[in-house]
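# Have a look at this fold, sequence not included:
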């Protein structure tokens, strides 16, 4: 199976199907080819076996449990691994499934049977803002993009049982829950800070790309492009290698700056990027959705500088009505960079 976005232009779907070899032979055991998400670069198809998908489902169930009255709510797109896994876990465990063809706050609010749901952070924000009672869910799996700490604190203060997940198409979805690897998953931090993953739910490779496969899979370990560290026994992911901004000779993780800014009371949503700068090499730009009166650049610089090195403080502020995002919930890095480059 190769899931395609039904809302994409036909030419885009045809191009993706062609690039990933639809209609051509697959390796024995292949169950799924899932196109990796992202705002840049050529399409890649992670090849997943039925064994990997079952291992992922079993590890998830072992962590969150299985109950006779469980029912999944599906409101994420099925052409991304996070949304498709809701369908697959439901089928695998013979658990009832309620399907929404798109995310809608009122439709979610009207549901009473589902006990499990997967969301991205922006969806959780909208549900909380609308006052939807989310305590009916015994677990909300939150993934697709880093969850700002204030959002988690707000949800948990309301009694919402949020489980943060970290994973990707190459790992059949989430493989680290609340910073702790699922059963059977090994996590290692390489010397360069990259997160390395190993376990039965890994892909077998990228379809038709032995070169990319050899680069990503080495000695049984998936070499991700994420930077991470251990906080005691919990994995903390600081962002992607290509999200590192080199400013004034300092390496600054854009994701960390965004996490710090998200804690400011006047910031409702935020994305951070780097833009070429004659003086700094790259300048740190904060693209912000304000909560009430927009904050000033000076305020945000003081806020960040009191919590991290001065290099992390943004040099530029762009206030927008919404952060452009992909259907996975991740900020659209290309669109954010365009906003930053044109901002004042």
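Happy to help now that I have it. Please read all numbers here as calculations on a predicted model, not as lab measurements.
# Please make it C-alpha for all contacts and neighbour counts, starting now.
Fine.
# The stretch 101-250 of the chain: strands as residue ranges?
Under the criterion DSSP state E, counting those that start in this stretch, strands of the stretch 101-250 of the chain are mapped to 116-119, 139-142, 162-168, 173-177, 180-181, 186-189, 194-198, 205-206, 217-218, 221-231, 234-240, 244-247, 250-253.
# a markdown table for the ones you listed, including distance to residue 309, mean pLDDT and mean neighbour count?
Formatted as a markdown table, the strands of the stretch 101-250 of the chain follow (distance: least, CA to CA, whole Å; pLDDT from 0 to 100; neighbours: other CA atoms under 10 Å):
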| stretch | distance to residue 309 | mean pLDDT | mean neighbour count |
| --- | --- | --- | --- |
| strand 116-119 | 33 | 97 | 22 |
| strand 139-142 | 29 | 97 | 22 |
| strand 162-168 | 27 | 96 | 21 |
| strand 173-177 | 29 | 97 | 25 |
| strand 180-181 | 28 | 98 | 20 |
| strand 186-189 | 23 | 98 | 17 |
| strand 194-198 | 22 | 97 | 22 |
| strand 205-206 | 39 | 96 | 24 |
| strand 217-218 | 35 | 96 | 16 |
| strand 221-231 | 18 | 94 | 17 |
| strand 234-240 | 15 | 87 | 18 |
| strand 244-247 | 12 | 86 | 21 |
| strand 250-253 | 9 | 84 | 18 |
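# Serialize the ones you listed to a markdown table and add fields for distance to residue 70.
Putting the strands of the stretch 101-250 of the chain into a markdown table (distance: least, CA to CA, whole Å) gives the following:
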| stretch | distance to residue 70 |
| --- | --- |
| strand 116-119 | 7 |
| strand 139-142 | 10 |
| strand 162-168 | 16 |
| strand 173-177 | 19 |
| strand 180-181 | 23 |
| strand 186-189 | 29 |
| strand 194-198 | 29 |
| strand 205-206 | 33 |
| strand 217-218 | 36 |
| strand 221-231 | 33 |
| strand 234-240 | 28 |
| strand 244-247 | 41 |
| strand 250-253 | 39 |
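# Go through the ones you listed and name the closest to residue 10.
Nearest to residue 10, of all the strands of the stretch 101-250 of the chain, is strand 205-206, at 23.4 Å by CA to CA.
# now the closest one, how far from the centre of its chain.
Computed by CA atoms, centre = their mean, to the nearest Å, the separation of strand 205-206 from the middle of its chain amounts to 20 Å.
# what does that strand contact?
Strand 205-206 is contacted by residues 44, 45, 46, 47, 212, 213, 217 when judged by CA atoms under 8 Å, 6 or more residues apart in numbering.
# My guess is residue 240 contacts residue 195. True?
No. Assessed by CA atoms under 8 Å, residue 240 is found out of contact with residue 195, at 9.7 Å.
# So which of the contacts of strand 205-206 sit within helices?
Using DSSP state H, the subset of the contacts of strand 205-206 located in helices is 212, 213.
# part of a helix, is residue 335?
Yes. Assessed with DSSP: H, G, I helix; E, B strand; the rest coil, residue 335 lies in a helix.
# any idea how far it is from residue 273?
10 Å (CA to CA, to the nearest Å).
# cool, and residue 201?
Where residue 273 is concerned, residue 201 sits at a distance of 32 Å (CA to CA).
# Also residue 185?
31 Å.
# of those two, who's got more company?
When residue 185 and residue 273 are compared for neighbours, residue 273 comes out ahead with 27 against 18, by other CA atoms under 10 Å.
# Who are the contact partners of the nearest residue to that one once chain neighbours are set aside?
Nearest residue to residue 273 in three dimensions, chain neighbours excluded: residue 285, at 5.4 Å (CA to CA, 6 or more residues apart in numbering). Residue 285 is in contact with 272, 273, 274, 275, 314, 315, 316, 317, 318, 340, counting by CA under 8 Å, 6+ apart.
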